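> can you look at this prediction? I've put the sequence above it.
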Amino acid sequence: MNILEQVNYPLISVVIPSFNQGNYIEETILSVIGQEYPKLELIIIDGGSTDNTVEIIKKYAHKISYWHSKPDKGQADAINQGMRLSSGEVLCWLNSDDMYLPGALLDIGRKFAGLTDQNYLIYGITMIVKQDSDRIHSVYHPIIPFEQFSLTYNDFIAQPSAFWTRKLWQSTGELNLNYNYVLDWDWFIRASKITKFDYVPKVYAIYRNHSINKTNNGAFARRKEISEVVTKYSSDYWSKLYIEVERYYPKIAEFINESQLPKRSLLLPLLFPKLGFILKNVQDLYTVLTMYG
């Protein structure tokens, strides 16, 4: 008897939301079907791509449980549609420019075995690959062990490496269609009110950082959504701090990018007195600036 027969693996549904990511989606698909996970359901919801995305999807249609290509209301809507169509005991989504590392789903399947009747979520580490410069290099998404209140002001969960039970998805509800940039963070916060998350110190996925990446092009709209989430879920202190940093963000970003001084972020409370009046700890300022990007 081999190891696959010894474990009662749950059915995992992977939803891939897609729109005009023809340069990347083939590697995304291959990273899923190449897992050789014994109970896999792959669903691709494409928003009516006009590039070569559909051609690539058709190439692997025999490995895909369901797919369509038609206009939707954005990423959150596409993911919600995919989750409604899914039947897995364990759920996750993988954006069409990200990838799973080999063995990720087998490890997740083993960890969820016997726990799918519970509200349960696991998150691991994601490698960030930056590939728009002359050479590709990578860093790791900063991960910290789970702490519910910290999640309300610091999105420390890397979405590509997060997996949860269908029960938790149903208990939490669907993604909020009002969010284009923080849809995952908002959902994680809501889910964290229901159950504690388990952090696994393993790298499960790769997040691509490139010029057409949605997060990189969010600018003010993305910061606005971040501030709204903090105001909705966190304390007055964090809400005021995020709002105040946003007020001076262009000047702060210019100073940090152009100054050659070491530890220049320590000078910000002096340069912006109103910000310094609110700030309790310089590390808090660093958290906000990291979130705003």
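Now that the structure is in, tell me what you want to look at.
> now the helices for the chain?
Counting by DSSP state H, the chain has helices at residues 3-6, 25-33, 53-59, 75-85, 104-112, 148-151, 166-172, 183-192, 219-233, 236-247, 249-258, 268-271, 273-278, 282-292.
> neighbours of residue 165, how many?
Residue 165: 23 surrounding residues under other Cβ atoms under 10 Å. For the C-beta atoms, the positions are set from N, CA and C on the backbone; glycine is no exception.
> hmm, it is touching residue 115, no?
Yes: applying Cβ atoms under 8 Å, one finds residue 165 in contact with residue 115, separated by 7.1 Å.
> residue 32 versus the closest residue to residue 175 other than its chain neighbours, what's the distance?
Once flanking residues are discounted, residue 175 sits nearest to residue 76: 4.0 Å by Cβ to Cβ, 6 or more residues apart in numbering. The spacing between residue 76 and residue 32, counted by Cβ to Cβ, to the nearest Å, is 21 Å.
> for this structure, what's the longest strand?
Assignment by DSSP state E gives strand 198-209 as the longest strand of the chain.
> quick one: strands adjacent to that strand?
Within its sheet, and counting by DSSP bridges, strand 198-209 is paired with strand 99-100 (antiparallel), strand 121-130 (parallel).
> buried residues in that strand?
By neighbour count with 16 or more other Cβ atoms under 10 Å, strand 198-209 contains the buried residues 199, 200, 203, 204, 205, 206, 207, 208, 209.
> what about residue 177, neighbour count?
14.
> what residues are up against it?
By Cβ atoms under 8 Å, 6 or more residues apart in numbering, the residues touching residue 177 are 73, 74, 76, 77, 80.
> show me where pLDDT drops low in the stretch 51-200 of the chain?
Within the stretch 51-200 of the chain, the segments meeting pLDDT under 70 span 131-142.
> was I right about residue 20 contacting residue 51?
Yes: contact criterion Cβ under 8 Å: residue 20 and residue 51 qualify, at 4.9 Å.
> neighbour count: those two, which is higher?
residue 20 (16 against 13).
> against residue 54, how distant is that one?
Residue 20 is 10 Å from residue 54, by Cβ to Cβ.
> how about residue 161?
Distance from residue 161 to residue 54, by Cβ to Cβ: 28 Å.
> neighbour count: those two, which is higher?
Neighbour tally, residue 161 and residue 54, criterion other Cβ under 10 Å: the higher count belongs to residue 161, 28 against 19.
> tell me the contacts of that one?
104, 123, 124, 125, 126, 141, 203, 204, 205.
> for the residues you listed, which two are the farthest from each other?
Spatial extent of the contacts of residue 161 (Cβ to Cβ) is set by the pair 104 and 141 at 14.7 Å.
> and the two? Which one has more around it.
Applying other Cβ under 10 Å to residue 104 and residue 141 shows that residue 104 carries more neighbours, namely 24 against 19.
> which residues touch the residue lying closest to the more buried one once chain neighbours are set aside?
Counting by Cβ to Cβ, 6+ apart, the nearest residue to residue 104 once its immediate chain neighbours are dropped is residue 204, at 4.3 Å. Taking Cβ under 8 Å, 6+ apart, we find residue 204 in contact with 100, 101, 104, 107, 108, 124, 125, 126, 160, 161.
> which residue sits closest to the fourth one, ignoring its sequence neighbours?
Take residue 107 and drop its neighbours on the chain: the residue closest to it by Cβ to Cβ, 6+ apart is residue 202, 6.7 Å away.
> separation between that neighbour and residue 93?
Per Cβ to Cβ, residue 202 is found 19 Å from residue 93.
> same check on residue 45?
9 Å.
> and for the two, which residues touch both?
15, 16, 17, 79, 82.
> just the closest of these to residue 154, please.
residue 79 (22.7 Å).
> right, I'll leave it there.
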